[in-house]
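In: Build me a model:
(one chain, ligands or ions: 1)
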Amino acid sequence: MKQIELCARDDVEDGTILKVEVDDLELAVYHAEGAFYVTDDACTHGPGSLSEGYLDGHIIECDFHNGQFDIRDGAVVAPPCIVALKTYKVVPHDTMVVIETD
Ligand code: FES
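Out: This is a model prediction of the structure:
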């Protein structure tokens, strides 16, 4: 288990997404309805970057072909996406967004 600091909580306003590159990962950090969520930034369907998509509640819509995922568990919500999105566990921290990876 490894913990990785991604950004300050203040860097991501509620309702917005920040792309963070760290180690070999390209991640999307979401601030949605008061909580933080982290997924891979790359859409599982194609070249879309989810940090450039549209966040509505806990649903991220890819701006490439309008596929949708639930950022809480990565589940596909709307086609053409078929493969679930990888999500990361966010660990509690006062000021930073921190994830735990294997
Ligand atoms: S690349 Fe994201 S929906 Fe196609």
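In: The helix or strand hosting residue 18 - what's its average pLDDT?
Out: In this assignment (DSSP states H and E), residue 18 forms part of strand 17-22. Taken as a whole, strand 17-22 has a mean pLDDT of 98.
In: repeat for stretch 37-45
Out: 98.
In: Ok, stretch 75-84 next?
Out: Mean predicted confidence for stretch 75-84 is 97.
In: Stretch 90-102 too?
Out: 95.
In: Report the backbone C-alpha coordinates of it in PDB.
Out: Provided in PDB are the C-alpha atoms of stretch 90-102 (Å, rounded to 0.1, in the frame of the first residue of the first chain):
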ATOM      1  CA  VAL A  90      -9.300   8.600  -1.400                       C
ATOM      2  CA  VAL A  91      -8.000   8.600   2.200                       C
ATOM      3  CA  PRO A  92      -9.100  11.300   4.700                       C
ATOM      4  CA  HIS A  93      -6.800  14.300   5.000                       C
ATOM      5  CA  ASP A  94      -7.400  17.900   6.200                       C
ATOM      6  CA  THR A  95      -5.900  19.900   3.400                       C
ATOM      7  CA  MET A  96      -4.700  17.500   0.600                       C
ATOM      8  CA  VAL A  97      -6.400  15.000  -1.700                       C
ATOM      9  CA  VAL A  98      -4.600  11.700  -1.000                       C
ATOM     10  CA  ILE A  99      -5.100   8.300  -2.600                       C
ATOM     11  CA  GLU A 100      -4.000   4.900  -1.600                       C
ATOM     12  CA  THR A 101      -2.700   2.600  -4.300                       C
ATOM     13  CA  ASP A 102      -1.500  -1.100  -4.300                       C
END
